[in-house]
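Asker: make a model of this:
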Amino acid sequence: MSPTPWKPWLSRTPDATVDHTLLFVGTIVATALIFDFINGFHDAANSIATVVSTRVLSPRFAVIWAAFFNFIAAFFFGTAVAKTIGSGMIHIEMVTQSVILCGLGGAIAWNLITWWLGLPTSSSHALIGGYAGAAVAHAGPDVVIVSGWYKTIAYIFLSPLIGMALGLLLMVAVSWIFRRQTPQRVDKWFRRLQLLSAAAFSFAHGTNDAQKTMGIIAGALYKAHYLDSFRIPWAVILAAHAAIGFGTLSGGWRIVKTMGQRITKLRPVGGFCAETAGAITIIGVTLFGIPVSTTHTITGAIVGVGSTQRLSAVRWGVATQIIWAWILTIPASAAIAWVAFQLIEMGWPSA
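Answerer: Take a look at the predicted model:
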């Protein structure tokens, strides 16, 4: 059988094969960094929605503030989450470069769809869903490391609940501590403190979310034999954090509106409590290498803060739409990646 139009390199010299591999891996790395950019763009709302909605910072300065702390998170907390994504959820020896590329494509497509709809879904779960969908399309269900999914699946439900509980407790504690202060004085203090809480949440967002794409890039480099073992080079760490930082600078204003205004009305004290609760939760799970959703966490924290006023202060119809988007994220991105892999296999070989 003669080579398909996508297979001319099979009949060429070894040098042509090397060039092809380099081109393919370069495409994957570029796509991964585009995903990181979109992740920052999509999840900018997580970092800045509260600080913008309380008018502590203008949108322009808020994204600069958030992007800076997204980037400097590269120098803290290691790469445990990256290793979980890269080799702890899918048998890396059973995947191909095509699998990795299609997984990224499924995640990017779902992120753009939910950004357009203004829904704060999880880029993290879109990524692992896309990666799993393409891997299953290639090698069947045995490619999935079932034990590696327990914590990730559990934290789909636990991270918003922990964020909600911490947000509620912090809001109750702050209200009690400052019960004898005038609302104007409390507002003045927490407008300043919210700068610190926004920085802490942006830092936490960077340290967990940027690591996920690092694992994908490292997997591609390892499969192409550019790495002698699965590890995360510093060049990959810095590139991933830079990409997510630049994405945050671009901002996802549709989701900012949902997070900061449509779920509940926030004041600076509420914004401080929500961001602090989210940061504590995310940094805690990052230390254990769990790829948690920053979106789920901060949304839960905002709901927790809003519920201290009264349950009716939370717009539960909007919250329900968000929850449905959360539930659909992994299967939807997996389905998109599965279809993409099947289409590629019709005319493009696995690398």
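Asker: list the helices and strands the helix or strand harbouring V339 packs on?
Answerer: Element membership of V339 [criterion: DSSP states H and E] is helix 316-345. Secondary-structure packing of helix 316-345 (3 or more CB pairs under 8 Å, 6 or more residues apart in numbering; DSSP states H and E): helix 97-117, helix 123-139, helix 294-307. (C-beta placed from N, C-alpha, C; glycine too.)
Asker: want to throw these into a markdown table with mean neighbour count, distance to F69 and mean pLDDT?
Answerer: Converted to a markdown table, these look like this (neighbours: other CB atoms under 10 Å; distance: least, CB to CB, whole Å; pLDDT from 0 to 100):
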| stretch | mean neighbour count | distance to F69 | mean pLDDT |
| --- | --- | --- | --- |
| helix 97-117 | 24 | 21 | 86 |
| helix 123-139 | 28 | 17 | 89 |
| helix 294-307 | 29 | 13 | 82 |
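Asker: so which of these gets nearest I177?
Answerer: helix 294-307 (15.4 Å; CB to CB).
Asker: quick check: angle from the closest one to helix 123-139?
Answerer: Here helix 294-307 runs at an angle of 140 degrees relative to helix 123-139 (axes from the mean of the first three to the mean of the last three CA atoms, to 10 degrees).
Asker: do you know how far S293 is from F341?
Answerer: 24 Å (CB to CB, to the nearest Å).
Asker: same question but for G167, I mixed them up
Answerer: According to CB to CB, G167 and F341 sit 40 Å apart.
Asker: so those two - more neighbours on which side?
Answerer: Counted by other CB atoms under 10 Å, G167 and F341 do not tie: G167 has more neighbours, with 30 against 26.
Asker: test my guess that that one contacts V305.
Answerer: Yes. Using CB atoms under 8 Å, G167 is in contact with V305, at 4.5 Å.
Asker: name the residues contacting each of those two.
Answerer: Residues touching both G167 and V305 (CB atoms under 8 Å, 6 or more residues apart in numbering) are C273, A274, A277.
Asker: is the second one in contact with T308, as I believe?
Answerer: No. The criterion here is CB under 8 Å, and A274 misses it with T308 at 10.8 Å.
Asker: looking at the two, which has the bigger crowd around it?
Answerer: A274 (36 against 19).
Asker: just the pLDDT at that one, thanks.
Answerer: Each residue has a pLDDT score; the one for A274 is 89.
Asker: one more: A334?
Answerer: At A334, pLDDT is 93.
Asker: gap between it and L193?
Answerer: Separation of A334 from L193 (CB to CB) stands at 41 Å.
Asker: circling back: and the helices and strands packed on helix 316-345 as JSON lines, adding distance to L249?
Answerer: Formatted as JSON lines, these follow (distance: least, CB to CB, whole Å):
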{"stretch": "helix 97-117", "distance to L249": "16"}
{"stretch": "helix 123-139", "distance to L249": "16"}
{"stretch": "helix 294-307", "distance to L249": "17"}
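Asker: per-residue pLDDT of V285, please?
Answerer: V285 is assigned a pLDDT of 88 by the prediction.
Asker: so which elements touch whichever strand or helix holds it?
Answerer: Assigned by DSSP H and E, V285 belongs to helix 268-286. Counting contacts by 3+ CB pairs under 8 Å, 6+ apart, helix 268-286 packs against helix 14-53, helix 150-177, helix 183-223, helix 294-307.
Asker: CA atoms only: put it into PDB for me.
Answerer: Written as PDB, here are the backbone C-alpha positions of helix 268-286 (Å, rounded to 0.1, in the frame of the first residue of the first chain):
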ATOM      1  CA  PRO A 268     -14.100  44.200  50.100                       C
ATOM      2  CA  VAL A 269     -14.400  42.100  53.300                       C
ATOM      3  CA  GLY A 270     -16.200  39.400  51.400                       C
ATOM      4  CA  GLY A 271     -13.700  39.500  48.600                       C
ATOM      5  CA  PHE A 272     -10.900  39.100  51.100                       C
ATOM      6  CA  CYS A 273     -12.500  36.100  52.800                       C
ATOM      7  CA  ALA A 274     -13.300  34.400  49.500                       C
ATOM      8  CA  GLU A 275      -9.800  34.900  48.000                       C
ATOM      9  CA  THR A 276      -8.100  33.800  51.300                       C
ATOM     10  CA  ALA A 277     -10.200  30.700  51.500                       C
ATOM     11  CA  GLY A 278      -9.500  29.800  47.900                       C
ATOM     12  CA  ALA A 279      -5.700  30.400  48.300                       C
ATOM     13  CA  ILE A 280      -5.500  28.200  51.400                       C
ATOM     14  CA  THR A 281      -7.400  25.400  49.800                       C
ATOM     15  CA  ILE A 282      -5.400  25.400  46.500                       C
ATOM     16  CA  ILE A 283      -1.900  25.700  48.100                       C
ATOM     17  CA  GLY A 284      -2.800  22.900  50.500                       C
ATOM     18  CA  VAL A 285      -3.800  20.400  47.800                       C
ATOM     19  CA  THR A 286      -0.900  21.500  45.600                       C
END
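Asker: okay, buried residues for it please.
Answerer: For helix 268-286, burial by neighbour count (16 or more other CB atoms under 10 Å) applies to 268-283, 285-286.
Asker: so that helix versus helix 183-223, what angle?
Answerer: Angle of helix 268-286 versus helix 183-223, following the same axes, to 10 degrees, is 30 degrees.
Asker: I'd like the numbering to begin with 759 instead of 1 from here.
Answerer: Got it, the first residue is 759 from now on, which makes the last one we talked about helix 1026-1044.
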